[in-house]
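*Asks:* Could you look at this predicted model? Sequence included:
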Number of protein chains: 2
Amino acid sequence: MTAAGGRFSDDLLSEFGEAALARCGAAPSAAAIVVGCLLESDRRGVHSHGLIRLRSYVVQARAGEIAASAEPRIVHEHGPTSLVDGRFAFGAVTGVFAMDDAIERALEFGVGVTAVRNGTHFGSAACYSLRAARRSLIGIAATNTPAAMAPWGGAEARLGNNPVSVAGPTPGGAPFVLDIAQSVVSRGQVKLTQLAGLPIPDTWALDADGKPTTDPLAALEGALLPMAGHKGSGLALAVELLTGALAGAGLSPRMVNTGLTGRRRNSTAATPERGVGHVFVAIDPDRFAGRELFRSRMGDLVAAVRATTPAEGFSEVLVPGEPEHRAEELAASEGVALPAESVEELRVLATEEGLFFPAPSA
Amino acid sequence: MTAAGGRFSDDLLSEFGEAALARCGAAPSAAAIVVGCLLESDRRGVHSHGLIRLRSYVVQARAGEIAASAEPRIVHEHGPTSLVDGRFAFGAVTGVFAMDDAIERALEFGVGVTAVRNGTHFGSAACYSLRAARRSLIGIAATNTPAAMAPWGGAEARLGNNPVSVAGPTPGGAPFVLDIAQSVVSRGQVKLTQLAGLPIPDTWALDADGKPTTDPLAALEGALLPMAGHKGSGLALAVELLTGALAGAGLSPRMVNTGLTGRRRNSTAATPERGVGHVFVAIDPDRFAGRELFRSRMGDLVAAVRATTPAEGFSEVLVPGEPEHRAEELAASEGVALPAESVEELRVLATEEGLFFPAPSA
């Protein structure tokens, strides 16, 4: 009895999500922020970081791995910089708090850098970088994660698949927003291939013995491979430097995966570390080219990319953020699309929490 | 009559390089900075950005594309931010000026961001990020470049192969330093394959008709492909946003390649734009984790990566910057290694400028 995907009412999904988080101790304001970030990802078609994560948050809150009623606080601050203690609050609560802190500093000083320790899973990095873009700033958001990827030349998982997002305003409707992790493909992609009963290319992952594998199940027990070899490996480490090390937080190789979707891995530390590190940066173009020139340069850039002759198999060339913006517009007019996997996970959550999960609107 | 590679005296190479730059109007201090950056790349084994570039700088200076006697200046500054006009000075002169400006701001404010317009080729981005790491700061350096790479889904060159470098101090001898561009391989790699008479994999580049090619010559007339498809393409655009757009400088799709090593491409602008954009960022860990905790976290990170079981075909797992650090130590004790291509280019330059090029010391 597999659930079917469909389009759902934005309001009903919000209500459901907020009710589920209330059950595990989240204040209404915190629940609204967390559900807001997850739902935004679904609206943008990024379902891997959408409501499908909600159940794991509830389970982690009940297990005490997320402190449902905690609020992040500033440890110390000096002009354009600050360090935030996330206190294991919901990741989105801390992420929004810290990004908005960086934004306020950028509006005053031209740049703001806020590092976070004791963080938890914050969902999609674009949720934060976009907050800066909407204020006419450049936004950067990044986090480390428990190890899931082999370093270049390595046979076992030691690196986080540390995502980074960069966003900025454009003169058109869709802000520029890049949001990528550093592996060839995500664990989610490997799982979907496994569910489809297909083999994976041997360039995606290593098995538990450190050998390239075409078996998705063996890959899930092993390590993802970094994109572009030493480049993806190096980028993951650069993000680690700017998050785990800069914030004095847990380091990817020393943490264990506590999410429902990751298996528990051995950490390289005798006592596994807790609390990922994030960094949020906002930059005000007004202190550099000036907002007008910056926007017009962004317009020229987007226009030049879009005017590129498409390669065989492509009908158009888009800028990062455009496909997601189109999905968002469709979600606004026709309801939020959820794939079958998300619906199934939300129905399980509804049953566990004694809640009613809405029927699709279309 | 092909030149042979070999090891050369560091001092004699410096003298030669500075004499060549003096011939085209560089002041002694500027020549020392430019040669210092190029020579550092050769010491670090990064010969693609070493003295092999010197002749193209001399030719560009004689052609007026580089303003040999120009000095960069600050257009405006506010606390942690500044905008620098590179005035088409030698790229390394502007790069060192602007990175040091960002470093001074970081030491005062915790973070410094310096954007540059009217820039020229600045060599290896690591030359600048390392200046911050040597001061116990995190350093980031990036630049845009004239278009050489197809965007994801595109059939023609529109994106710069925009390099970015991130460096930071570690407790050991070798600082962490990542320095990567966004294509699968560099144009230099394609050229070397062509010189060796070999085909290239069809994943490296497109020909002039926008089709994947195994012919290196056809690839050089076409466009490089971004690493990891949409990821490398998106990263190139993110760097463009932080350099060309932020500084209000020339944009990759609108500039023409003026270096000796790139062919002159059509620009998408009616009047091609001049002057690349750079960004330099320095961050003081003292305002976040604190310098001691940051360094110890970096030590933990490096140790965990180095302790990774090597994959088949690898004898050890290294952190970005370690191979280059080893090359640097060897250069200090045994002289600077130069490959045959570099020696040949420097001998041509010597003949053109009536200078004596030293014999190898080993």
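*Replies:* Okay, I see it.
*Asks:* in which helix or strand would I find the residue in the stretch 251-362 of chain A positioned nearest to chain B?
*Replies:* Closest to chain B within the stretch 251-362 of chain A is A:Ala289: 3.1 Å, counting by CB to the nearest CB. All C-beta spots, glycine's among them, are computed from the backbone N, C-alpha and C. Secondary structure assignment for A:Ala289, by DSSP states H and E: no helix or strand.
*Asks:* who's in contact with it?
*Replies:* By CB atoms under 8 Å, 6 or more residues apart in numbering or on different chains, A:Ala289 lies in contact with A:297, B:83, B:115, B:117, B:245-248.
*Asks:* tally of neighbours for A:Ala133?
*Replies:* Under the neighbour criterion other CB atoms under 10 Å in any protein chain shown, A:Ala133 is assigned a count of 21.
*Asks:* Just among the contacts of A:Ala289, which is most surrounded?
*Replies:* Using other CB under 10 Å as the neighbour test, the contacts of A:Ala289 are led by B:Ala247, with 32 neighbours.
*Asks:* what's the pLDDT at that residue?
*Replies:* B:Ala247 carries a pLDDT value of 98.
*Asks:* List the residues that contact it.
*Replies:* Shown in contact with B:Ala247 (CB under 8 Å, 6+ apart): A:288-289, B:83, B:115-117, B:277-279.
*Asks:* From B:Ala20, how far out is the residue of the stretch 251-362 of chain A closest to chain B?
*Replies:* Distance, A:Ala289 to B:Ala20, using CB to CB, to the nearest Å: 35 Å.
*Asks:* A:Leu355 now?
*Replies:* Relative to B:Ala20, and taking CB to CB, A:Leu355 is found at 75 Å.
*Asks:* ok, now A:Ala142?
*Replies:* Here A:Ala142 is placed at a distance of 42 Å from B:Ala20 (CB to CB).
*Asks:* With neighbour numbers in mind, choose between these two.
*Replies:* Taking neighbours as other CB under 10 Å, A:Ala142 and B:Ala20 compare with B:Ala20 leading, 26 against 22.
*Asks:* first vs last residue of stretch A:144-154, how far apart are they?
*Replies:* Using CA to CA, to the nearest Å, the end-to-end distance of stretch A:144-154 comes to 19 Å.
*Asks:* How far away from the center of its chain is it?
*Replies:* Its chain's C-alpha centre and that of stretch A:144-154 lie 17 Å apart, by CA atoms, centre = their mean, to the nearest Å.
*Asks:* Check whether it comes near chain B.
*Replies:* Yes. For stretch A:144-154, a contact with chain B is found by CB under 8 Å from any CB of the partner chain, at A:150-154.
*Asks:* Now, those residues that are in strands?
*Replies:* If you go by DSSP state E, the residues of stretch A:144-154 next to chain B have nothing in strands.
*Asks:* Turn those residues into CSV, including distance to A:Ala218, neighbour count and pLDDT.
*Replies:* Output for the residues of stretch A:144-154 next to chain B, formatted as CSV (distance: CB to CB, whole Å; neighbours: other CB atoms under 10 Å in any protein chain shown; pLDDT from 0 to 100):
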residue, distance to A:Ala218, neighbour count, pLDDT
A:Ala150, 14, 26, 97
A:Pro151, 20, 31, 98
A:Trp152, 21, 25, 98
A:Gly153, 20, 19, 98
A:Gly154, 17, 27, 98
